[in-house]
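Chemist: Structure of the sequence below:
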Amino acid sequence: MQLPRPIQTYFTARAPQDGDALAAAFAPNAIVHDEGHDHRGPQAIRAWWLAAKAKYRHHARPIDVTDTAGRTVVRATVTGDFPGSPAVLTFTFGLAGDHITDLGIG
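Modeler: Numbers count the residues shown, from 1 in each chain. You can find the predicted model right below:
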C-alpha cells in the first residue's frame, strides 16, 4: 500500500526515539483531534503522541487507504493496552505538500 510520505512517517514512527520525526511530519499550524481533545502545533502533537504511546503502548497497522473529498482516509488495526484491543480505527488526514495539516482519529 502506497501512503504519502508524512502519513507513512506517522504510522512507522516509534516512541520515544522518533518523536522529532513525527513532529516534523506536521505543518506548523496542524491540529490533531483524538478522544475529544484538540492538539495544535507540532510540539503539542508530539507531546500528545508520546503520552498516548506511553499510556496505551499501541501500534497501528494500515489496512487500506482511500482519497475522499481531498482527504486521505486510512483504516488501521490498532493493537495495544486498551479495552477492545485490537480495534479498527479510521485516521482522516489533511495534507498540504509534505506535511499533515490535520488528523482526526475515530
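Chemist: For the protein, which segments count as strands?
Modeler: 26-34, 37-40, 59-68, 71-79, 87-96, 99-105 (DSSP state E).
Chemist: For the first one, give me every contacting residue.
Modeler: So that's strand 26-34. 6, 38-42, 45, 48, 52, 96, 99-105 (C-beta atoms under 8 Å, 6 or more residues apart in numbering). Glycine gets a C-beta too; all of them are placed from N, C-alpha and C.
Chemist: Tell me who's in contact with the residue nearest to H59 when sequence neighbours are not counted.
Modeler: Nearest residue to H59, sequence neighbours excluded (C-beta to C-beta, 6 or more residues apart in numbering): T79, at 5.6 Å. By C-beta under 8 Å, 6+ apart, the contact set of T79 is H58, H59, R61, S85, P86.
Chemist: now G19
Modeler: Residues in contact with G19 (C-beta under 8 Å, 6+ apart) are A13, R46, W49, L50.
Chemist: could the strands of the chain go into TSV alongside distance to G19?
Modeler: Shown next, in TSV, are those (distance: least, C-beta to C-beta, whole Å):
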stretch	distance to G19
strand 26-34	12
strand 37-40	13
strand 59-68	16
strand 71-79	19
strand 87-96	18
strand 99-105	15
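Chemist: Which one of these lies nearest to D20?
Modeler: With C-beta to C-beta as the criterion, D20 lies closest to strand 26-34 of those, at 11.3 Å.
Chemist: Alpha carbons only: can I get the closest one in CSV?
Modeler: This file holds the C-alpha atoms of strand 26-34, laid out as CSV (Å, rounded to 0.1, in the frame of the first residue of the first chain):
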residue,chain,number,x,y,z
PHE,A,26,3.0,18.0,10.8
ALA,A,27,2.6,21.6,9.4
PRO,A,28,3.3,24.5,11.9
ASN,A,29,-0.5,25.1,12.3
ALA,A,30,-1.5,21.4,12.3
ILE,A,31,-4.2,20.1,14.6
VAL,A,32,-5.0,16.6,15.8
HIS,A,33,-8.4,15.7,17.1
ASP,A,34,-8.4,12.5,19.3
